[in-house]
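Q: Got a predicted structure here, sequence first:
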Number of protein chains: 8
Amino acid sequence: MTESQIRKILDEHKAGGISSEEALHRLRSLPFEDLGFANIDHHRSLRQGFPEVVFGSGKTAEQVAHIVESMHKHDHNILITRTTRQHFESVQQIAPEAEFHESARAIAILKDTRILGKGTVLVVTAGTSDMPVAEEAIVTLKVMGNTADSLYDVGVAGLHRLLDRRERLVQARAVIVVAGMEGALPSVVGGLVSVPVIAVPTSVGYGASFHGVAALLGMLNSCASNVSVVNIDNGYGAAVVASLINRS
Amino acid sequence: MTESQIRKILDEHKAGGISSEEALHRLRSLPFEDLGFANIDHHRSLRQGFPEVVFGSGKTAEQVAHIVESMHKHDHNILITRTTRQHFESVQQIAPEAEFHESARAIAILKDTRILGKGTVLVVTAGTSDMPVAEEAIVTLKVMGNTADSLYDVGVAGLHRLLDRRERLVQARAVIVVAGMEGALPSVVGGLVSVPVIAVPTSVGYGASFHGVAALLGMLNSCASNVSVVNIDNGYGAAVVASLINRS
Amino acid sequence: MTESQIRKILDEHKAGGISSEEALHRLRSLPFEDLGFANIDHHRSLRQGFPEVVFGSGKTAEQVAHIVESMHKHDHNILITRTTRQHFESVQQIAPEAEFHESARAIAILKDTRILGKGTVLVVTAGTSDMPVAEEAIVTLKVMGNTADSLYDVGVAGLHRLLDRRERLVQARAVIVVAGMEGALPSVVGGLVSVPVIAVPTSVGYGASFHGVAALLGMLNSCASNVSVVNIDNGYGAAVVASLINRS
Amino acid sequence: MTESQIRKILDEHKAGGISSEEALHRLRSLPFEDLGFANIDHHRSLRQGFPEVVFGSGKTAEQVAHIVESMHKHDHNILITRTTRQHFESVQQIAPEAEFHESARAIAILKDTRILGKGTVLVVTAGTSDMPVAEEAIVTLKVMGNTADSLYDVGVAGLHRLLDRRERLVQARAVIVVAGMEGALPSVVGGLVSVPVIAVPTSVGYGASFHGVAALLGMLNSCASNVSVVNIDNGYGAAVVASLINRS
Amino acid sequence: MTESQIRKILDEHKAGGISSEEALHRLRSLPFEDLGFANIDHHRSLRQGFPEVVFGSGKTAEQVAHIVESMHKHDHNILITRTTRQHFESVQQIAPEAEFHESARAIAILKDTRILGKGTVLVVTAGTSDMPVAEEAIVTLKVMGNTADSLYDVGVAGLHRLLDRRERLVQARAVIVVAGMEGALPSVVGGLVSVPVIAVPTSVGYGASFHGVAALLGMLNSCASNVSVVNIDNGYGAAVVASLINRS
Amino acid sequence: MTESQIRKILDEHKAGGISSEEALHRLRSLPFEDLGFANIDHHRSLRQGFPEVVFGSGKTAEQVAHIVESMHKHDHNILITRTTRQHFESVQQIAPEAEFHESARAIAILKDTRILGKGTVLVVTAGTSDMPVAEEAIVTLKVMGNTADSLYDVGVAGLHRLLDRRERLVQARAVIVVAGMEGALPSVVGGLVSVPVIAVPTSVGYGASFHGVAALLGMLNSCASNVSVVNIDNGYGAAVVASLINRS
Amino acid sequence: MTESQIRKILDEHKAGGISSEEALHRLRSLPFEDLGFANIDHHRSLRQGFPEVVFGSGKTAEQVAHIVESMHKHDHNILITRTTRQHFESVQQIAPEAEFHESARAIAILKDTRILGKGTVLVVTAGTSDMPVAEEAIVTLKVMGNTADSLYDVGVAGLHRLLDRRERLVQARAVIVVAGMEGALPSVVGGLVSVPVIAVPTSVGYGASFHGVAALLGMLNSCASNVSVVNIDNGYGAAVVASLINRS
Amino acid sequence: MTESQIRKILDEHKAGGISSEEALHRLRSLPFEDLGFANIDHHRSLRQGFPEVVFGSGKTAEQVAHIVESMHKHDHNILITRTTRQHFESVQQIAPEAEFHESARAIAILKDTRILGKGTVLVVTAGTSDMPVAEEAIVTLKVMGNTADSLYDVGVAGLHRLLDRRERLVQARAVIVVAGMEGALPSVVGGLVSVPVIAVPTSVGYGASFHGVAALLGMLNSCASNVSVVNIDNGYGAAVVASLINRS
């Protein structure tokens, strides 16, 4: 229910076209969306340049294409995560400008390329195997209007690789740290910067890494107090949090 | 090693007071702190109003007092977390202005009361039992120069309690959500605001809450993408992250 | 052993046709089923319209067909859960009226379409990926004589989607809530209705969802006290419980 | 906001006392509670004889007494769970009719003793050590207007104890089964009755019972399809679910 | 219901004292115990010298004394496990011959000292800290009429301690192996004997022993195929299994 | 080192052919096997009719065939567990009398068909899906010279199926109970018989069955004290334990 | 930055070619590597004969070949772990002398065959299925300049197999023990030798072995105090530790 | 059996005092200890300066004193771990030279103060709370004849604290790294040194540290390949491994 719908009830009531009971009834059941509340995120995304996001996993190519079709009328960016080449082929027929980031498992439809973030978000990985998760973060960052930088394969067993680039670390407005195995990198990075660090554990590793649990626990127990954590392999979520920080 | 020390080496070398070998030796072994790198966080805390923080757990009252004594010479704020009344009594003899926040298990020594954050950080709890963790966050927020607001006992089984206060939710620059049991509140709050939500699982609950694990997992799997998570009962860490966001 | 069999023993004994020893022996070893005890559920299902249920998983197409053949003589409904298209092809040869609900992985043979429930059972899902489990619940509800309604993709990060339909929520006699990831939806629904909520965690999610464990724990720790829980992905079990409530 | 408040806005607007803008503004921000939505559960509890419930754990005696005082003005029943003798002594000064059920750790204030359930709820335990949880269920059942019956110490290793009382089992409108250790009793009871079984795992046991986890897992995997489960030691929650079934 | 009770029904019916309906009714509801089924274990224990066993944990001294009083009329042995000195003092007043095995936390009332086992049951421990669990096994073995032998502190890191006593190992008719920490001893013993080995993990250890879980898993994965396992710290259960083997 | 080798040393020493030092040296390093100790199990298997057993999993068809070839010279039975059809085809060329039990994943080569057990071992399953594990137990029982009986699909949610066959239960000298899901059957069977029950949890189930963990925990916490447990899906190990009991 | 680079700054400054500010700036940001710190391990590997190691898992054949190409210019050994035949084919084109150890999943390029270890490292396995992990250790040992010996299939259920070879055990300078299932072998070996034992749990086993967790826990809880542990299936890591011991 | 006993058998046999049969019999059953095998560790400890070690936990003061008394006759060092002040008071009466290291929970009796290690073992901790575990390691190192050095509170969130002391790191022959929380320090240290790193996880932390599990998993997944791990809080074990390395 839009404002105009509420106005209409008020007007009809004032004009005597509907009784107090009827007006009361309509207002009581008015969809919260119409109060400007429920769909705030929807409107916000349009006004503020937030992308529409589709979680591709478990959806057919037809379903994804159908959703994209309905979103495509607007001029905001669209991001499809956890997607497949099959998804991409269907989406391409609706949105030929769509780009497929294969290692990131993401499709991006960029219509609005304005930079909305105030600075740079830096994405750091411990190893090369963590790159697909980092790529998902970077695509998300770009779709959300950020300048993104990256620093790959700077794990803590070879500290110099990280320390050599500390200039780039301290220039970021938010840092996303992606690491599997023991997940120690966010603590080290957290100690080097004075901005929020968003840690993303990855399922990289074997044996007692338990598909990312070791890294997750390591990050939750970080001795650096500027570290917060998202789900295992959730590059997308980390990028959303970093985007909000970068805009604020 | 301060800048002046490096300058001194350069000057002595230029003046011929020390040989190239000697200058090389001193520079090679110069503590990284002297490069302006290692103690960045230390200097930063002084310049930027960050508090010095002591983790009280597992330290004797004497140890805590000793540490506070050495910190007390400077004019920055001091925060002692996971502390006890015994700690407080020792600290009070050194810093009579120290305040003990018993339920938060925190001691605060406030010397610098400037507001450094740009807006308000809101701390929300699901239940009354989550309040000690929330109080730790609030003390930390204040010691770090933030305006803090709170909203307690607004768990998701009685949504109206939360929805009634949505004005306060949407005005915050960062929201800390503290919840035990099923940890569902961050997802609901995350859907209502467009700023980062820092979720703090608490050990409140029994049985299959597993001392906060259920809440932690719930928060890590949040369907709201602006949610990141810190360790169980870590109100301090959440407040540090929120402070950095609020300043940026 | 039916009543008539017990009568026959008593009569034969009275008439002297069998000795006390023999009567004693027969009665001692009489199958409990014959006492009206052991097969109560069997008779009950016939009289009350409960379906015969086959758990298809781990059975060959031949085995399933064989079981259905023996059930098919009676006029009650038959439900095969966790089944496959191969199962369906075998079953169809015996029961051409069988229907295959592919996403629900269920085969239904409907002979008795009477409505036995007093009201409506509502099946709610948090996301679209939870639909197969919800479909299993709906097929089961129908086979058990219920009017079923559904509300899909109303997860807690977009509350308005749920709140807009609260009329349908409050009209149900029992609500089945199907959710993966953080499993927060049952708590929110539980706070909105005054009937039992049966929560079904799903294995939807990734990383720290641990194949449904996060959702399961969230639901067991629900702060809404009208929520009880069934196994991960067990739409069938939730529907049986809801059916029993709807009939009572 | 009550209905009368909405009417007042409508009337003032109709009478021209407030502008459309002003009416729109007030209606947009009206607390959902005022729509008759948010406090449904509150009103419902008063009208339908639901008790007001206080979770005592983690609250001081003063806090509990304060809450009870505010509830005590009304004529509905009050239940305090997870409480202590200290709580009781404070409550007694406000409500002298309060009763302390020590083993159940519950305080009941019974003002309304009408029977609202249509039949009997039966509470069954596997062992004597499971009794405190069962007692919590029974107090809750009574406070919520049910006729409650109980059957204690009928674990599955001595089946006859259970089978001898099957008459009482089959007469119940809902059965609560409380069991620790292997948690097998709900499956056996579920096979004997045709009403919903609410299973409550208890933390009774040692070693690999893992404080109720073994029982919880056993119950979630029950081969009887009419079983749903609540949290470990949650006799209160099981009784709420059973009450709702018994009233429907 | 005893045989004589069934006979009485048959006789009354034959004599016409009760109608067929009445006889049918009585027989249908006859307690299974009366069929010789349900109380088999009770009668068996009396006839075969099995002890009556009380699980002391969670029972008051009065409750335990009350149970012992009712058991004490018979001439079979009584065993109370997981008991306390308080329990013992109450029991002593009823059964002055009761013996308290403090480290085993067991009370034994020995009335029947016949040896029922055909050979010796050997109880082996890895360390001295495992002795309380071993003592519980030994008390149980004696109460159940076995000759028991023991071999303590023969853990696998000092193999010679075990190998030196291999004569005693190979003479046992069943071996109980009690071990905490890594729980490796049952595999080694299992390879040395050709009788069943009952492994009892203990909660002895620290850190990653997880209160006996490491030992439990080790034993379940034993590479010796004659090993079966009971619950952590369950010396009683191991002794019951060994007794049954020793009698067979 | 055989006896003859020890004699030879003694003789050479007596005859002066070797010095005391040399004799001492040789005796100190004599392989334990030569003392009649280390190979006891090997000789025992030959003398007592124990089969030679090969764990097929992770071995190539060639490796298995090679091992069988070396075993085949003797006249004792051979059992290959966790095997494949490919293994079987290789084995068949060496031992044409080999039989492949496909669902049990076992190959048996029966040369000695003497019955060594004193009575019957009964194998009971909760469901039809538990049958492969039960079949592995039965093949093992036969290869080890036992009379085996079976009772399938008698889970606790339909007690009558079990109670109807209690005659067969009480006649067994040992009972193997195979169950997945909640693993409740061993407790019920344990209460009905007075012989050892060896419980085998299976990986049958889904969701919170955690591939057999729920069943395993249920069995370890059995309230029947004559139950011991082997690894998940370990029908072979249960049969070895039962065989040893049946022979004793 | 090399020493010569630091000298150059000093010289330029002395000569007045750069200002103090400029010299300060360059020195502050000098890469730590240039201080001789960060690349210590790199230089060390070249000087000391350590191999360059590539973790093949998750890298394409092209990536692996590319890395090997850049390493190949030097004369030190190269080891690629967790690799595939596809990797090997690419590597072979660059380094025809490369050897593929298929069961070890390792590629070795041996250029420097000097023996750097002072003695022998012995690799022991509990079963034949543990061999691939042992082979990874052996390839690593050789690439790192050790004399390696092995002892396979000497699990603790047949002690004599191990005890017969104790001569070889006590001659090693370090022992790597590889075991799955219950992981008991390191404790037994640890008791027999007086050198460090590096234990490698393997994912060999089924059911409650939980892919190596049972073995891992067993090893961490070893009652032999000379045992330390590496990750599940990490033969490579164990060999690195053993190599360092063997060289020291 | 000592060498002299074996000689005696040989001599008697040679002299004809005992028959071949008798000599054979005696030699077959000779305790392995007598072969010089079983007590190797005992003799070794005496000859090589290894201490006798008593695990104090779970032993009474009398038991500990009794054990020490029997050990005290020899001239080697004695170490009692996991001990108490009560233990110490009893031990002091037997060995007045005993020293109590309270925070390490260790009693040391130093009789032999020779340095047996070739270099220094360095013990590093992440935080001050990890010190008790480090102290246990240091006492053990000293009792075993090592030169021990320590570096406390150099956690990874303040890297400079560690990097400033890298000279001491690289001089050690083995490094013990003690850390709780995320357990990241061993990876960083492992990257800085080229000797074995023995990592000791501690139970320091809260929430998702799970009493040391997070640190343990972090260390097992270390990206530095020279790291091996011992049990949580096992400072003693780490020191034994380091001692063996330092001597080799």
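A: That came in fine, so what should we check first? Just so we're clear, the structure is a prediction, and the values are computed from it rather than from any experiment.

Q: which regions of chain A lie under the pLDDT threshold?
A: A:1-6, A:24-49, A:74 (pLDDT under 70).

Q: Chain G contacts on that one?
A: A:127-129, A:158-161, A:163-164, A:167, A:204, A:206-209 (CB under 8 Å from any CB of the partner chain). All C-beta spots, glycine's among them, are computed from the backbone N, C-alpha and C.

Q: Just give the number of residues close to the residue of chain A found nearest chain G.
A: When scored by CB to the nearest CB, chain A has residue A:160 as its residue closest to chain G, at 2.1 Å. Using other CB atoms under 10 Å in any protein chain shown, residue A:160 has 21 neighbouring residues.

Q: likewise the one 3 residues further on?
A: By other CB under 10 Å, 21 other residues sit near residue A:163.

Q: ok, now residue A:196?
A: Residues lying near residue A:196 (other CB under 10 Å) number 28.

Q: Was I right to think it contacts residue A:177?
A: No - counting by CB atoms under 8 Å, residue A:196 sits too far from residue A:177 to count as a contact (10.8 Å).

Q: show me where chain A has strands.
A: Assigned by DSSP state E, the strands in chain A fall at A:52-55, A:78-81, A:99-101, A:106-109, A:120-125, A:147-151, A:174-179, A:197-201, A:227-229.

Q: and these, which is most packed in?
A: strand A:197-201 (a mean of 33; mean count of other CB atoms under 10 Å in any protein chain shown).

Q: and the angle from that one to strand A:120-125?
A: Here strand A:197-201 runs at an angle of 30 degrees relative to strand A:120-125 (axes from the mean of the first three to the mean of the last three CA atoms, to 10 degrees).

Q: hmm, strand A:197-201 touching chain H?
A: No - if you take CB under 8 Å from any CB as the test, strand A:197-201 misses chain H, and the best it gets is 10.2 Å.

Q: how much space between residue A:15 and residue B:224?
A: 42 Å (CB to CB, to the nearest Å).

Q: Which one's more surrounded, these two?
A: The residue with more neighbours, out of residue A:15 and residue B:224, is residue B:224; 25 against 9, by other CB under 10 Å.

Q: The more buried one contacts residue C:157, correct?
A: Yes - assessed by CB under 8 Å, residue B:224 is found in contact with residue C:157 at 4.0 Å.

Q: Report the set of residues contacting both of these two.
A: B:187, B:188, B:190, B:191 (CB atoms under 8 Å, 6 or more residues apart in numbering or on different chains).

Q: which among those gets closest to chain C?
A: Closest approach to chain C among those (CB to the nearest CB): residue B:191, at 3.8 Å.

Q: The closest one: how many residues sit nearby?
A: 25.

Q: Return the distance of it relative to residue B:181.
A: Noted for residue B:191: a distance of 19 Å to residue B:181, by CB to CB.

Q: just residue A:109 next, same as before
A: To residue B:181, residue A:109 is 40 Å away according to CB to CB.

Q: if I pick residue A:212, what's in contact with it?
A: Shown in contact with residue A:212 (CB under 8 Å, 6+ apart): A:180, A:201, A:202, A:203, A:204, A:205, A:232, A:233, C:207, C:208.

Q: What of residue A:171?
A: Per CB under 8 Å, 6+ apart, neighbours of residue A:171: A:119, A:120, A:122.

Q: same check, this time on residue A:196
A: Residue A:196 is in contact with A:174, A:175, A:226, A:228, A:242, A:245, B:196, B:241, B:244, B:245, B:248, counting by CB under 8 Å, 6+ apart.

Q: Same check on residue A:179?
A: Residues near residue A:179 by CB under 8 Å, 6+ apart: A:125-127, A:130, A:155, A:185-186, A:199-202, A:215, A:219.

Q: before we move on, the earlier item: ok, and the most crowded of the shared contacts of residue B:224 and residue C:157?
A: Going by other CB under 10 Å, residue B:187 tops those with 33 neighbours.

Q: Show me which residues of chain A are close to chain B?
A: Within reach of chain B by CB under 8 Å from any CB, chain A has these residues: A:37, A:40-41, A:44, A:48, A:50, A:53, A:118, A:163, A:166, A:170, A:173-174, A:191-192, A:194-196, A:198, A:216, A:220-221, A:225-232, A:236-238, A:240-241, A:244-245, A:248.

Q: Repeat the analysis, applying 7 Å as the threshold.
A: Applying CB under 7 Å from any CB of the partner chain, we find that chain A lies next to chain B at A:37, A:41, A:44, A:166, A:173, A:191, A:194-196, A:198, A:220-221, A:225-226, A:228-231, A:236-237, A:240-241, A:244-245, A:248.

Q: quick one: residue A:153 from residue A:137, how far?
A: In terms of CB to CB, residue A:153 sits 16 Å off from residue A:137.

Q: Please report phi then psi for residue A:193.
A: phi -120, psi 160 (degrees, to the nearest 10).

Q: That one contacts residue A:176, doesn't it?
A: No - assessed by CB atoms under 7 Å, residue A:193 is found out of contact with residue A:176, at 11.6 Å.

Q: Can you name the residue of chain A nearest chain H?
A: Taking CB to the nearest CB, chain A has residue A:184 as its residue nearest chain H, at 3.2 Å.

Q: For residue A:153 and residue A:137, work out which one has more neighbours and name it.
A: A direct count of neighbours by other CB under 10 Å for residue A:153 and residue A:137 places residue A:137 higher, at 30 against 15.
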